[in-house]
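Asks: return a 3D structure for these sequence lines:
(one chain, ligands or ions: 1)
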Amino acid sequence: MAKLYFRYGAMNSGKTANLLMVAHNYINQGKNVIIIKPDKDTRWGIKIEVKSRAIVTSLPAALISDSEDLFAFTQARVSEKPVEAILVEEAQFLTKDQVRQLAVVVDKLNIPVLCYGLRCSYIDGELFDGSAALMYWADTIEEVKNVCQYCSSKATKNLLRVNGVPQYSGDNVVMGDVDMEGSSIYYTPVCRRHYLNPPAED
Ligand SMILES: [Zn+2]
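Replies: Coordinates of the predicted model:
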């Protein structure tokens, strides 16, 4: 029986690297996988590839909009060629309906679906819609661990700073880059304590 997986973590926990390794394992066995990605993530400025900071490889992804029916999308793909697995990057940006559609893909088409995404948004107390729906529908929920930037505790939150100032409300699709030097918008993986009481930036 196929399953719906949710592999969640904070920023920079290696979720994309994990997705790419899983994809390569399928591909090396001659199996057809589809990688999909909600079209909200523009962090890399390139909208058609899944890239990781951790490993030097990338694979093409199908970009999907909010209104795409993922059951119909998958059925159309399957009619061309059997699909052995579906991998979802930035799954927090899926809509509630799309997560439910993926659950039906698992049950009706017997295709495993592996979703990778953030659990918590930077907004105080809020989950992303896609993550909340995955917590509800997934058969298997697994944490991809990362360490807080400021201590040795586990990072469970993503702290957003704009020009050094921590943000706790706003637009949920604002993306930044942790590594980008001189960037005015960036995220840091942090524990809860440092999310609520972040050290001042130099
Ligand atoms: Zn900490």
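Asks: so where do the helices sit in this protein?
Replies: According to DSSP state H, the chain carries its helices in the segments 15-28, 70-80, 96-109, 129-137, 192-196.
Asks: for the second one, buried residues please.
Replies: Pointing back at helix 70-80 there. For helix 70-80, burial by neighbour count (16 or more other C-beta atoms under 10 Å) applies to 70-71, 73-74, 77. All C-beta spots, glycine's among them, are computed from the backbone N, C-alpha and C.
Asks: show me what that helix is in contact with.
Replies: Applying C-beta atoms under 8 Å, 6 or more residues apart in numbering, the contact partners of helix 70-80 are 34, 36, 62, 64, 83, 86, 94, 98, 101-102, 104-105, 108-109, 111.
Asks: what's Val147 in contact with, if anything?
Replies: Residues in contact with Val147, defined by C-beta under 8 Å, 6+ apart, are 153-155, 189.
Asks: 7 Å - rerun?
Replies: 154-155 (C-beta atoms under 7 Å, 6 or more residues apart in numbering).
Asks: neighbours of Asn18, how many?
Replies: Neighbours of Asn18 under the rule other C-beta atoms under 10 Å: 20.
Asks: number the chain from 54, please
Replies: Right, with 54 as the first residue, what we last looked at is Asn71.
Asks: hang on, it packs against Val197?
Replies: Yes - the pair Asn71 / Val197 is scored as a contact, 6.2 Å apart, by C-beta atoms under 7 Å.
Asks: quickly list what's touching both of those two.
Replies: Common neighbours of Asn71 and Val197 are listed as Arg60 (criterion: C-beta under 7 Å, 6+ apart).
Asks: between the buried residues of helix 123-133, which is nearest the ion?
Replies: When these are ranked by distance to the ion (C-beta to the ion), Leu123 comes first, at 36.2 Å.
Asks: with adjacent residues omitted, what lies nearest to that closest one?
Replies: Of all residues not flanking Leu123 in the chain, Gln154 sits nearest, at 4.1 Å (C-beta to C-beta, 6 or more residues apart in numbering).
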